[in-house]
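**Student:** sequence and predicted structure are below.
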Amino acid sequence: MKKVFVIIIVFLLGAKMSEAQYSSNFNFGDSLKKVEASAEPNEKVRILINIGQYYEYFKGDSALYYLNIAKEIATKNDLYVPLYFVNYFLSGTYNGVLGNYPLGLFYAFEMLKNYQTIKQNGLTVPNAAFDNFGSSYFSIAGAYSFLGNKAKTTEYLEKTLQNIDFNSLPTFNKIAIYSNVSKTYYQINDLVNAEKYALLGMNMYDTSKSTMSFPYLMYADVLLATKKYEKAIEFYKKTIPLAIPYKFYKDIFQSNNGIATAFYHLNKVDSAIFYATEVTKLSKVITYTEGLLKNDLLLYSLYKIKGNKDSALKYLEASEDLRNTIFNNVKSNDAQTMAINEEVKQRELAEQEAKQRKILIITAIGLILVVIGVYLNGKRKQRERLRQIEEDRKNNELAAARDLQQSMLPKENPKRADLDIATFIRSSTEVGGDYYDFFPQPDGGLFSVCGDATGHGVTSGMMVSVTKAGLNGISPVKPNKILQRLNGVVKRIDLGTLRMSLNIAEITNDEVFLSSAAMPPIYLYKAATKQVEEFMNNGLPLGGLRDEEFVLENRKFEAGDVLVQLSDGLPEAPNLLGEMYDYERLRSLIQSSCHLTAQEIIDVLIKSVDEWMQGKRNPDDITLVITKKK
């Protein structure tokens with residue numbers, strides 16, 4: 001295995017990319033000089049696409065850099081066929097390497113628009129595997145599978161298979177398509193079809209001797225998912241030498257991780273550590289954040305079994321850093337998706353305005369000015385009526401959503417002899433995304449919940465409704481397990497990019513158990529020491545990764561102790577200069593106020609933040625749940 005790894009590194013450092021799908025031979029050494037020297041836009045784009053494809057499966061950010069330059073040149077010069085390939089590689093990079101699935105879906109749809117334009121202009125794509133609508137449908141299906149939308153994935157997979165003429169394709173392309181169909185079915189947990197298409201790809205490879213690693217990797221993944229660990233290892237090991245000639249570095253990365261995972265399940269800890277360590281080495285030259293997170297968590301578990309606390313802690317800390325990276329990417333994805341939606345909206349508005357101008361010009365030729373004036377006045381009145389109807393409809397929907405959200409909150413706080421509980425919620429819009437709730441238990445225990453859905457308005461109200469229903473349907477286990485099960489519920493419902501941050505406190509007679517999914521710190525004031533502890537053990541928001549796990553903390557909860565759960569609206573409230581109220585200021589005020597009752601503590605905090613904002617409306621919901629032990 002060490003020899004194989006050395007070969008991989010040699011290929012990684014000295015690789016030269018095979019030709020792009022529609023281009024001539026590629027030489028990385030002088031490609032940039034050719035781009036600079038060439039006056040022909042089509043030639044510039046062709047070389048830049050080759051560079052982007054070279055970087056695609058091991059340096060995703062570099063691939064984006066060159067592909068975006070190619071996109072700018074192709075768009076400016078109306079190069080429809082090159083632009084089609086640019087969007088194909090952009091979609092593949094965002095989906096397969098960087099994990100930015102909303103942008104992957106966007107560029108897949110852009111690819112579909114490109115092909116429609118190509119056909120309208122009587123052009124052809126110089127590659128039979130791509131000269132069809134099926135290729136675009138395939139990219140769309142892949143993006144939807146990463147987003148967990150099974151219905152849309154199946155719909156576009158069916159369109160893919162209906163629009164690709166397999167008889168016209170070279171064997172290499174057929175194997176690639178079967179393998180990617182297997183991957184897409186695997187992403188939506190349809191293991192039967194995933195295995196079927198992986199076997200089709202492998203059988204075609206066996207008969208044609210056309211080298212490709214992907215069908216073997218997919219078959220190994222299916223074997224691992226169905227707990228056939230020994231056989232999975234066999235096929236992962238077959239994958240690696242097949243991946244090297246084509247520079248499929250991600251296949252090598254995933255194969256080593258799959259072998260390590262299989263050995264872990266077979267209780268062969270040393271072997272598992274060996275292959276997982278190989279993955280760590282590969283990560284130095286391959287960009288695959290989600291895969292590395294999975295590998296770091298595996299190494300943490302393995303070293304924990306071995307009793308090696310230092311190494312276990314090292315990989316636990318590494319995984320936490322990667323979780324933060326992914327969480328920040330999720331926020332970035334949301335912002336990018338909003339920007340893309342705005343771009344599409346502006347483009348559609350521009351197209352509508354262009355059509356209206358044509359109508360006005362044609363109408364002006366056939367009608368006199370008076371008729372035009374009457375016509376335009378009538379259109380204005382019609383738009384005003386439609387605007388009023390739409391405004392009334394939105395107001396009715398907001399009122400219904402506001403009423404629904406209010407009904408989700410407890411009518412009164414729990415009454416327990418040893419607890420003093422007070423709550424506060426203020427929405428920044430008609431319908432907010434914050435939520436709190438209580439779930440008293442038959443044994444006298446109490447679950448206290450505080451959450452913050454993505455954004456505001458009707459969509460965030462939907463997420464609050466889903467969370468409330470999910471909590472009511474989950475049996476009373478420890479808070480981290482409740483979050484894990486609720487994450488599965490939210491993921492299955494699939495509300496797109498909507499996410500739910502949530503923390504849960506289980507309060508017993510003399511203890512409190514805490515777990516959090518991407519919420520601000522939980523503060524615990526200890527009366528005995530007059531100090532405030534801050535709990536920051538956050539996982540990703542609910543609805544993020546499928547197999548996310550959450551940390552559980554527990555502390556003594558004694559007389560005079562105060563537990564503070566809150567959303568980020570208060571500590572991140574801005575003043576007129578845009579300065580944030582700040583978490584440290586909040587912590588200090590909590591520490592100096594905990595001799596008061598729960599309601600008095602809330603009054604102090606809200607008065608302080610209102611003075612800080614100086615009459616400015618809070619841009620985010622503010623929620624507080626204060627529980628004081630009597």
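**Tutor:** Looks like it came in fine.

**Student:** show me what contacts Pro479?
**Tutor:** By C-beta atoms under 8 Å, 6 or more residues apart in numbering, the contact list for Pro479 reads 447, 503-506, 513-515, 550, 552. (Each C-beta comes from the backbone N, C-alpha and C, glycine too.)

**Student:** just flag the most distant two among those residues.
**Tutor:** Phe447 and Phe550 (14.5 Å; C-beta to C-beta).

**Student:** more neighbours: which of those two?
**Tutor:** Phe550 (25 against 20; other C-beta atoms under 10 Å).

**Student:** in the stretch 401-550 of the chain, which spans are strands?
**Tutor:** 419-426, 434-440, 446-453, 500-507, 511-517, 522-526, 531-535, 538-539 (DSSP state E, counting those that start in this stretch).

**Student:** what is the mean pLDDT for the last one?
**Tutor:** pLDDT averaged over strand 538-539 equals 78, rounded to a whole number.

**Student:** also the second one?
**Tutor:** Over the span of strand 434-440, the pLDDT mean works out to 91.

**Student:** and that strand, which residues are buried?
**Tutor:** If you call a residue buried by 16 or more other C-beta atoms under 10 Å, then strand 434-440 has these buried ones: 434-439.

**Student:** now, which of those sits nearest Ala198?
**Tutor:** Nearest to Ala198 out of the buried residues of strand 434-440 is Tyr435 (C-beta to C-beta; 42.9 Å).

**Student:** enumerate every residue touching that closest one.
**Tutor:** 405, 408-409, 449-453, 464, 467-468, 623.

**Student:** export the residues you listed to TSV and tack on pLDDT?
**Tutor:** Listed next are the contacts of Tyr435 as TSV, based on pLDDT from 0 to 100:
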residue	pLDDT
Gln405	65
Met408	75
Leu409	85
Val449	96
Cys450	95
Gly451	92
Asp452	89
Ala453	86
Val464	82
Thr467	84
Lys468	84
Thr623	94
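
**Student:** so which of those is the most crowded?
**Tutor:** Among the contacts of Tyr435, Ala453 has the most neighbours (other C-beta under 10 Å), with 30 neighbours.

**Student:** buried residues in stretch 118-128?
**Tutor:** For stretch 118-128, by 16+ other C-beta under 10 Å, it's 118, 125, 127.

**Student:** err, stretch 602-621, not the other one
**Tutor:** Under 16+ other C-beta under 10 Å, the buried positions of stretch 602-621 are 602, 604-605, 608-609, 612, 618, 620-621.

**Student:** now, the residues you listed that are in helices?
**Tutor:** Among those, DSSP state H puts 602, 604-605, 608-609, 612 in helices.

**Student:** ok, which pair from these is furthest apart?
**Tutor:** Once C-beta to C-beta is applied, those give Ile602 and Trp612 as the farthest pair, at 15.7 Å.

**Student:** what does the domain assignment say about the protein?
**Tutor:** 25-130, 351-402, 410-629 (automatic domain parsing).

**Student:** start and end of the last one, how far apart?
**Tutor:** Criterion C-alpha to C-alpha, to the nearest Å; first-to-last residue distance in domain 410-629 is 20 Å.

**Student:** pull the distance from that domain to the chain's centre.
**Tutor:** Taking C-alpha atoms, centre = their mean, to the nearest Å, the mean C-alpha location of domain 410-629 is offset from the chain mean by 23 Å.

**Student:** picking that back up, winner for burial among the strands of the stretch 401-550 of the chain?
**Tutor:** Compared across these, strand 500-507 shows the largest average neighbour count, a mean of 26 (mean count of other C-beta atoms under 10 Å).

**Student:** which elements pack onto it?
**Tutor:** Here strand 500-507 touches strand 446-453, helix 457-472, helix 479-493, strand 511-517, strand 562-566, going by 3 or more C-beta pairs under 8 Å, 6 or more residues apart in numbering; DSSP states H and E.

**Student:** so for Glu72, which of those sits nearest?
**Tutor:** helix 457-472 (33.1 Å).

**Student:** and the closest one, what's buried?
**Tutor:** Buried, per 16+ other C-beta under 10 Å, within helix 457-472: 457-468, 470-471.

**Student:** relative orientation of that helix and strand 500-507 in degrees?
**Tutor:** 40 degrees (axes from the mean of the first three to the mean of the last three C-alpha atoms, to 10 degrees).

**Student:** now the angle from helix 457-472 to helix 479-493?
**Tutor:** Here helix 457-472 runs at an angle of 130 degrees relative to helix 479-493 (the same axes, to 10 degrees).

**Student:** about what we covered before: nearest to Tyr300, of the buried residues of stretch 602-621?
**Tutor:** Nearest member of the buried residues of stretch 602-621 to Tyr300, counting by C-beta to C-beta, is Asp620, at 34.2 Å.

**Student:** okay, strands next: where are they in the stretch 1-150 of the chain?
**Tutor:** Using DSSP E, counting those that start in this stretch, strands in the stretch 1-150 of the chain do not occur.

**Student:** output the below-cut-off pLDDT ranges for it.
**Tutor:** Counting by pLDDT under 70, the stretch 1-150 of the chain has low-confidence residues at 1-39, 57-58.

**Student:** which residue ranges of it form helices?
**Tutor:** Assigned by DSSP state H, counting those that start in this stretch, the helices in the stretch 1-150 of the chain fall at 2-14, 28-37, 41-55, 60-76, 80-93, 101-120, 133-146, 150-163.

**Student:** nearest to Asn324, out of those helices?
**Tutor:** helix 60-76 (17.8 Å).

**Student:** helices or strands next to the closest one in the packing?
**Tutor:** Counting contacts by 3+ C-beta pairs under 8 Å, 6+ apart, helix 60-76 packs against helix 41-55, helix 80-93.

**Student:** that helix vs helix 41-55, what angle?
**Tutor:** 160 degrees.

**Student:** just the angle between helix 60-76 and helix 80-93, please?
**Tutor:** Going by the same axes, to 10 degrees, helix 60-76 is angled at 160 degrees with respect to helix 80-93.

**Student:** what's next to helix 60-76, contact-wise?
**Tutor:** By C-beta under 8 Å, 6+ apart, the surrounding residues in contact with helix 60-76 are 41, 44-45, 48-49, 51-56, 79, 82-83, 86-87, 89-90, 93, 97-98, 287.
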